[in-house]
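J.: I would like to see how this sequence folds:
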Amino acid sequence: MRHLTEKKMCADKICASLSEAAKLTETWRNQGNEVVFTNGCFDILHLGHVDYLEKASLLGTKLIVGLNSDNSIKRLKGEKRPLNPEYARLRLLASLAFVDAVVLFEQDTPLALIEALRPDVLVKGGDYEPENIVGADFVSENGGIVQTIPLVEGFSTTGIIAKMS
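T.: Next up, the predicted model:
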(Lines give C-alpha, C1' and ligand atoms only; values in the text may rest on other atoms or scores of the structure.)
Protein backbone atom coordinates (compact mmCIF):
# COMPACT_ATOMS: atom_id res chain seq x y z
CA MET A 1 0.00 0.00 0.00
CA ARG A 2 1.30 3.45 -0.88
CA HIS A 3 2.09 5.96 1.84
CA LEU A 4 -0.90 8.28 2.26
CA THR A 5 -0.14 11.99 2.31
CA GLU A 6 -2.16 15.11 3.12
CA LYS A 7 -2.26 15.92 -0.61
CA LYS A 8 -3.89 12.59 -1.45
CA MET A 9 -6.81 12.49 0.93
CA CYS A 10 -7.76 8.95 0.03
CA ALA A 11 -5.08 7.34 -2.13
CA ASP A 12 -6.30 4.36 -4.12
CA LYS A 13 -9.69 4.84 -2.38
CA ILE A 14 -8.19 4.07 1.04
CA CYS A 15 -8.63 6.92 3.54
CA ALA A 16 -5.75 7.54 5.91
CA SER A 17 -7.92 8.59 8.84
CA LEU A 18 -11.42 9.25 10.07
CA SER A 19 -10.92 13.00 9.59
CA GLU A 20 -9.87 12.53 5.97
CA ALA A 21 -12.85 10.26 5.34
CA ALA A 22 -15.10 12.95 6.85
CA LYS A 23 -13.57 15.59 4.54
CA LEU A 24 -14.11 13.33 1.56
CA THR A 25 -17.76 12.64 2.39
CA GLU A 26 -18.37 16.36 2.93
CA THR A 27 -16.85 17.06 -0.51
CA TRP A 28 -19.10 14.41 -2.05
CA ARG A 29 -22.15 15.85 -0.30
CA ASN A 30 -21.28 19.38 -1.50
CA GLN A 31 -21.15 17.98 -5.05
CA GLY A 32 -24.72 16.70 -4.66
CA ASN A 33 -23.90 13.07 -3.96
CA GLU A 34 -25.85 10.87 -1.58
CA VAL A 35 -23.42 9.07 0.75
CA VAL A 36 -24.04 5.45 1.69
CA PHE A 37 -22.14 3.88 4.59
CA THR A 38 -21.71 0.31 5.68
CA ASN A 39 -19.13 -1.49 7.78
CA GLY A 40 -17.77 -4.87 8.68
CA CYS A 41 -14.76 -7.13 9.10
CA PHE A 42 -14.72 -8.51 5.54
CA ASP A 43 -12.14 -11.04 6.70
CA ILE A 44 -12.55 -13.40 3.75
CA LEU A 45 -14.09 -11.49 0.85
CA HIS A 46 -16.72 -13.75 -0.75
CA LEU A 47 -19.75 -13.66 -3.03
CA GLY A 48 -22.06 -12.67 -0.18
CA HIS A 49 -19.91 -9.59 0.56
CA VAL A 50 -19.65 -8.60 -3.10
CA ASP A 51 -23.41 -8.92 -3.64
CA TYR A 52 -24.13 -6.97 -0.44
CA LEU A 53 -21.71 -4.14 -1.24
CA GLU A 54 -22.92 -3.83 -4.81
CA LYS A 55 -26.54 -3.56 -3.64
CA ALA A 56 -25.52 -1.05 -0.96
CA SER A 57 -23.83 1.10 -3.60
CA LEU A 58 -27.12 1.34 -5.51
CA LEU A 59 -28.79 3.08 -2.55
CA GLY A 60 -26.89 6.32 -3.21
CA THR A 61 -24.16 7.78 -5.40
CA LYS A 62 -21.09 7.16 -3.22
CA LEU A 63 -20.34 4.14 -1.02
CA ILE A 64 -17.89 4.34 1.85
CA VAL A 65 -17.02 1.20 3.79
CA GLY A 66 -15.85 1.22 7.40
CA LEU A 67 -13.46 -1.66 8.03
CA ASN A 68 -12.73 -3.11 11.47
CA SER A 69 -9.02 -3.04 12.28
CA ASP A 70 -7.13 -6.23 13.12
CA ASN A 71 -7.21 -5.32 16.84
CA SER A 72 -10.94 -4.64 16.73
CA ILE A 73 -11.61 -8.01 15.10
CA LYS A 74 -9.48 -9.82 17.69
CA ARG A 75 -11.55 -8.25 20.46
CA LEU A 76 -14.84 -9.13 18.73
CA LYS A 77 -14.08 -12.56 17.26
CA GLY A 78 -11.12 -13.94 19.20
CA GLU A 79 -7.38 -14.30 18.86
CA LYS A 80 -7.51 -16.52 15.75
CA ARG A 81 -9.08 -13.75 13.69
CA PRO A 82 -8.67 -11.99 11.40
CA LEU A 83 -7.35 -14.47 8.89
CA ASN A 84 -6.35 -11.67 6.51
CA PRO A 85 -4.52 -8.58 7.79
CA GLU A 86 -6.12 -5.16 7.53
CA TYR A 87 -3.87 -3.92 4.70
CA ALA A 88 -5.03 -6.84 2.52
CA ARG A 89 -8.69 -6.37 3.45
CA LEU A 90 -8.43 -2.62 2.75
CA ARG A 91 -6.90 -3.22 -0.67
CA LEU A 92 -9.42 -5.90 -1.66
CA LEU A 93 -12.39 -3.71 -0.75
CA ALA A 94 -10.87 -0.70 -2.51
CA SER A 95 -10.44 -2.76 -5.68
CA LEU A 96 -14.21 -3.17 -6.05
CA ALA A 97 -15.56 -0.74 -8.67
CA PHE A 98 -18.70 0.07 -6.69
CA VAL A 99 -16.80 0.94 -3.47
CA ASP A 100 -15.78 4.60 -3.53
CA ALA A 101 -13.71 4.69 -0.33
CA VAL A 102 -12.65 2.52 2.61
CA VAL A 103 -11.65 3.70 6.07
CA LEU A 104 -10.22 1.62 8.92
CA PHE A 105 -11.58 2.01 12.45
CA GLU A 106 -10.13 0.74 15.74
CA GLN A 107 -13.25 0.78 17.91
CA ASP A 108 -15.52 -2.21 18.41
CA THR A 109 -18.40 -0.36 16.76
CA PRO A 110 -18.45 2.19 13.93
CA LEU A 111 -20.48 4.77 15.90
CA ALA A 112 -17.75 7.46 15.97
CA LEU A 113 -17.19 6.92 12.25
CA ILE A 114 -20.91 7.19 11.48
CA GLU A 115 -21.17 10.38 13.52
CA ALA A 116 -18.16 11.90 11.71
CA LEU A 117 -19.31 10.90 8.21
CA ARG A 118 -23.04 11.64 8.67
CA PRO A 119 -24.15 9.26 5.92
CA ASP A 120 -27.43 9.79 4.08
CA VAL A 121 -27.97 6.03 4.06
CA LEU A 122 -26.77 3.51 6.65
CA VAL A 123 -26.81 -0.11 5.47
CA LYS A 124 -26.31 -3.49 7.14
CA GLY A 125 -27.06 -7.07 6.20
CA GLY A 126 -30.48 -8.62 6.57
CA ASP A 127 -29.37 -10.49 9.67
CA TYR A 128 -29.75 -7.17 11.55
CA GLU A 129 -32.99 -5.56 12.68
CA PRO A 130 -32.88 -1.86 11.69
CA GLU A 131 -33.48 -0.73 15.29
CA ASN A 132 -30.43 -2.76 16.43
CA ILE A 133 -27.98 -1.29 13.91
CA VAL A 134 -25.25 0.78 15.54
CA GLY A 135 -25.73 4.42 14.52
CA ALA A 136 -29.31 3.95 13.28
CA ASP A 137 -30.72 6.49 15.73
CA PHE A 138 -28.07 9.06 14.79
CA VAL A 139 -28.65 8.65 11.05
CA SER A 140 -32.44 8.77 11.39
CA GLU A 141 -32.33 11.83 13.66
CA ASN A 142 -30.22 13.61 11.03
CA GLY A 143 -32.64 12.92 8.18
CA GLY A 144 -30.95 9.80 6.80
CA ILE A 145 -32.38 6.37 6.21
CA VAL A 146 -31.41 2.99 7.61
CA GLN A 147 -31.78 -0.04 5.38
CA THR A 148 -30.98 -3.73 5.44
CA ILE A 149 -30.05 -5.90 2.48
CA PRO A 150 -30.87 -9.62 2.33
CA LEU A 151 -27.86 -11.89 2.61
CA VAL A 152 -26.88 -14.40 -0.06
CA GLU A 153 -27.73 -17.77 1.45
CA GLY A 154 -24.84 -20.15 1.94
CA PHE A 155 -22.10 -17.50 2.00
CA SER A 156 -20.60 -16.33 5.27
CA THR A 157 -17.08 -16.01 6.59
CA THR A 158 -17.98 -18.19 9.58
CA GLY A 159 -19.37 -20.84 7.23
CA ILE A 160 -16.26 -20.79 5.04
CA ILE A 161 -14.00 -21.13 8.09
CA ALA A 162 -16.12 -24.03 9.39
CA LYS A 163 -15.76 -25.85 6.04
CA MET A 164 -11.98 -25.48 6.24
CA SER A 165 -11.81 -27.04 9.72
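J.: Return the residues in contact with Val65.
T.: Phe37, Thr38, Asn39, Gly40, Phe42, Leu53, Leu93, Val99, Ala101, Val102, Val103 (Cβ atoms under 8 Å, 6 or more residues apart in numbering). Glycine gets a C-beta too; all of them are placed from N, C-alpha and C.
J.: Please produce JSON lines containing those, extended by pLDDT.
T.: Conversion of the contacts of Val65 to JSON lines gives the following (pLDDT from 0 to 100):
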{"residue": "Phe37", "pLDDT": "98"}
{"residue": "Thr38", "pLDDT": "98"}
{"residue": "Asn39", "pLDDT": "97"}
{"residue": "Gly40", "pLDDT": "96"}
{"residue": "Phe42", "pLDDT": "95"}
{"residue": "Leu53", "pLDDT": "98"}
{"residue": "Leu93", "pLDDT": "97"}
{"residue": "Val99", "pLDDT": "98"}
{"residue": "Ala101", "pLDDT": "97"}
{"residue": "Val102", "pLDDT": "97"}
{"residue": "Val103", "pLDDT": "97"}
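J.: Out of these, list just those in helices.
T.: Using DSSP state H, the members of those that fall within helices are Leu53, Leu93.
J.: Which one of the contacts of Val65 is nearest to Glu141?
T.: The closest of those to Glu141 turns out to be Phe37 (Cβ to Cβ; 15.2 Å).
J.: contacting residues for the nearest residue to the closest one once chain neighbours are set aside?
T.: Excluding its sequence neighbours, the residue lying closest to Phe37 (Cβ to Cβ, 6 or more residues apart in numbering) is Pro119, at 3.6 Å. Contact analysis of Pro119 by Cβ under 8 Å, 6+ apart lists Thr25, Val35, Val36, Phe37, Ile64, Val139, Gly144.
J.: for Gly125, same thing?
T.: Tyr52, Thr148, Ile149, Pro150, Leu151.
J.: any idea which of the residues you listed has the most stuff around it?
T.: Tyr52 (23 neighbours; other Cβ atoms under 10 Å).
J.: who's in contact with stretch 36-43?
T.: 49, 52-53, 56-57, 59-60, 62-68, 73, 76-77, 81-84, 89, 92-93, 105, 110, 113-114, 117, 119-124, 157.
J.: Just the buried residues of those residues.
T.: Neighbour counting by 16 or more other Cβ atoms under 10 Å classes 49, 52-53, 56-57, 59-60, 62-68, 73, 77, 81-82, 84, 89, 92-93, 105, 110, 113-114, 117, 119-124, 157 among those as buried.
J.: Identify those among those residues that sit within strands.
T.: Lys62, Leu63, Ile64, Val65, Gly66, Leu67, Asn68, Phe105, Val121, Leu122, Val123, Lys124 (DSSP state E).
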